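Colleague: okay, here's the prediction I keep looking at, along with the sequence it came from:
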Amino acid sequence: MMLKLKNLMYNYLSFKLKRVPKDYYSWPIERRREALGSDSVHKLCKSVILENTKTNVTDCSDPLNSKFYCIILQYTTKMMSPKICKFVRSLKKGQNIPKKLYHFNFATEQDSNRLTGYLYNAVCPFGMNVNVPIILSDRIAQLDNFWLGGGEVDLKLCINTKEFLSIVKPFVADVTQPGYDLNVKTEDAANEDLDSDENASKKKDVPA
């Protein structure tokens, strides 16, 4: 997998890969930062696959109205479903698609594996089986670099943010709650609640 990822990164001038211990996800986030040699816990990020459970669309062929999206966000932030719905709906502005056809939740682990080709806790935005549209948190866009999963649970990838934006050309949007949460779960860092609207919240495990 490391060789595959290196081949996928040939366009990048600045990136690095690092192996971490098997119990990495049981560590507090500050210890993970130290192990990666990062200068901030806010540079530790993850990729998660979300599904629009209300749309009539069945695939990812239209990035402006896709069944699934890959969201990249910091571990120290939490996603907000209403913000994601609002942003994705805005991509089709002028077409007046009803709000009722937008509701995002975590894709099942099976769908995540099928779309990305990566297992639980190892999702990487490079080399996915399907070209799932990518939405990068606007907070990450302000960083000089950030760390992601590298396709294996114990493999991490650090990428230059400007290069990522220039080559991948992801959507960039505000998709998280205000503020930061340093109380990242240590038993399973990929399990997180997706904050929804005030009336309902459906929760699933995060395949990240």
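Modeller: Now that the structure is in, tell me what you want to look at.

Colleague: C-alpha only now, for contacts and for neighbours.
Modeller: Will do.

Colleague: all helices of this protein, in order?
Modeller: Secondary structure of the chain (DSSP state H): helices located at 2-8, 29-36, 81-90, 109-116, 161-168.

Colleague: now do the same contact list for residue 44.
Modeller: By CA atoms under 8 Å, 6 or more residues apart in numbering, residue 44 lies in contact with 33, 74, 75, 146, 147, 148.

Colleague: same thing but 10 Å
Modeller: By CA atoms under 10 Å, 6 or more residues apart in numbering, the contact set of residue 44 is 29-30, 32-33, 36, 38, 73-76, 140, 145-149, 156-158.

Colleague: got a quick PyMOL command for the buried subset of those?
Modeller: Burial among these is assessed by 16 or more other CA atoms under 10 Å; the matching PyMOL selection reads:
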select buried, resi 29+32+33+36+38+73+74+75+76+140+145+146+147+148+149+156+157+158
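
Colleague: neighbours around residue 90, how many?
Modeller: Residue 90 sits with 15 neighbouring residues when counted by other CA atoms under 10 Å.

Colleague: again but with residue 34, I slipped
Modeller: 12.

Colleague: can you give me the strands for the chain?
Modeller: With DSSP state E as the criterion, the chain has strands at 15-19, 45-52, 68-74, 104-106, 134-137, 145-149, 155-160, 171-173.

Colleague: buried ones in the fourth one?
Modeller: Along strand 104-106, the positions that meet the burial threshold by neighbour count (16+ other CA under 10 Å) are 104, 105, 106.

Colleague: gap between residue 25 and residue 42?
Modeller: To residue 42, residue 25 is 16 Å away according to CA to CA, to the nearest Å.

Colleague: compare those two and say which is more crowded by neighbours.
Modeller: residue 42 (23 against 19).

Colleague: okay but residue 16 is in contact with residue 149, surely?
Modeller: No. In this structure residue 16 lies outside contact range of residue 149 using CA atoms under 10 Å: 11.8 Å.
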